[in-house]
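only the shape, not the letters, is given here:
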């Protein structure tokens, strides 16, 4: 009887699993063709159920921003700062138009959620600016070779901003540079209220990292519970009732 009960309850439990929740595709945000979000004020924007922080400090000439923005520019060949908003893939995941761009700057780029959330994962790749800098070198940064690295660190934070865990993602190792969208599982970070993103590089100078501190992100996916249908709950309750009756008969 115990074995049958366990199997029945297991069958019911399969109806209460997890599935894809909201997906931050950035395609729910309006952009003109070949453009990007650059409000020149500190603000936030939302895609899926994630709130992205966009920082701005006015040093003149529209400079400077950090944190997150979004873009649909497709330039994969122009080197340098003027092309800071393009992903090296030339578009979003699976040919979509929009994608996210992050520039952690001196402080980590941050994503917040309305409450404790499990994040299934996201796609990451290099920006054109960082990729060409590492591939060819430039007036500030070296050409990557043996022993070099460019690493994205994703940190989970709870409601008190205490760390729940972290994950290192390689965007470059030696001369091998990421140039496609790669999915990374973020479930190991546990239940989070926020995510922070920072970059590190083997190419460091007197004023910090020489490699352009940018990466691209798309399809950030959270996890949601699939509710058990009412009919299944009724079936389960009836099953447990029958088990209880049968047990009383055995004991009497």
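Okay, I see it. Being a predicted model, the structure only gives us computed values, none of them experimental.

C-alpha from now on. contacts and neighbour counts both.
OK.

for the lengthiest strand in the chain, name the packing helices and strands.
Among the elements of the chain assigned as strand by DSSP state E, the one spanning the most residues is strand 109-125. Counting contacts by 3 or more CA pairs under 8 Å, 6 or more residues apart in numbering; DSSP states H and E, the secondary-structure elements packed against strand 109-125 are strand 50-60, strand 63-71, strand 182-185, strand 191-201, strand 215-225.

element containing the closest residue to residue 81 other than its chain neighbours?
Counting by CA to CA, 6 or more residues apart in numbering, the nearest residue to residue 81 once its immediate chain neighbours are dropped is residue 129, at 6.5 Å. Using DSSP states H and E, residue 129 sits in helix 128-136.

okay, the angle between that helix and strand 215-225?
Compare the direction of helix 128-136 with that of strand 215-225 by axes from the mean of the first three to the mean of the last three CA atoms, to 10 degrees and you get 120 degrees.

what comes up buried for helix 128-136?
With burial defined by 16 or more other CA atoms under 10 Å, the residues of helix 128-136 counted as buried are 128, 129, 130, 131, 132, 133, 134, 135.

relative to residue 42, how far out is the third one?
So that's residue 130. Computed with CA to CA, to the nearest Å, the distance linking residue 130 and residue 42 is 24 Å.

do the second one as well
Residue 129 sits at a distance of 23 Å from residue 42 (criterion: CA to CA).

again, but for the last one
Residue 135 sits 32 Å away from residue 42 when distances are taken as CA to CA.

same question for residue 110.
Applying CA to CA, one obtains 13 Å for the distance of residue 110 from residue 42.

the two - which one has more neighbours?
Shown here are residue 110 and residue 42; by other CA atoms under 10 Å, residue 110 has more neighbours (21 against 15).

residues contacting the more buried one?
The contact partners of residue 110, by CA atoms under 8 Å, 6 or more residues apart in numbering, come to 52, 53, 67, 68, 194, 195, 196, 197.

now the second one. Nearest residue, chain neighbours left out?
Distances taken as CA to CA, 6+ apart place residue 44 nearest to residue 53, at 4.6 Å, with adjacent residues excluded.

quick one, phi/psi of that neighbour?
The phi/psi pair for residue 44 (degrees, to the nearest 10) reads phi -130, psi 160.

burial measure for it, as a count.
Under the criterion other CA under 10 Å, the count of neighbours that residue 44 has is 15.

from residue 112, how far out is it?
Relative to residue 112, residue 44 is positioned 10 Å away (CA to CA).

kindly report the same for residue 40.
Note on residue 40: its distance to residue 112, by CA to CA, is 21 Å.

those two: who's more crowded?
Neighbours were tallied for residue 40 and for residue 112 using other CA under 10 Å; the higher tally belongs to residue 112 (21 against 16).

quick check, pLDDT for the more buried one.
Listed pLDDT for residue 112 reads 98.

hey, what's it bridged with?
Counting by DSSP bridges, residue 112 forms beta bridges with residue 51, residue 194.

how near is it to residue 176?
The separation that residue 112 has from residue 176, given CA to CA, amounts to 32 Å.

next: residue 195.
Taken as CA to CA, the spacing of residue 195 relative to residue 176 amounts to 27 Å.

on that earlier part again, if I pick the residue nearest to residue 53, what's in contact with it?
Under the criterion of CA under 8 Å, 6+ apart, the neighbours of residue 44 are 51, 52, 53, 54.

ok, these vs residue 168, which is closest?
Lowest distance from residue 168 to the contacts of residue 44 (CA to CA) belongs to residue 52, with 20.3 Å.

list residues touching both of residue 110 and residue 42?
Common neighbours of residue 110 and residue 42 are listed as residue 53 (criterion: CA under 8 Å, 6+ apart).

quick check: residue 170 touching residue 152?
Yes: under the contact definition of CA atoms under 8 Å, residue 170 touches residue 152, with a separation of 6.3 Å.
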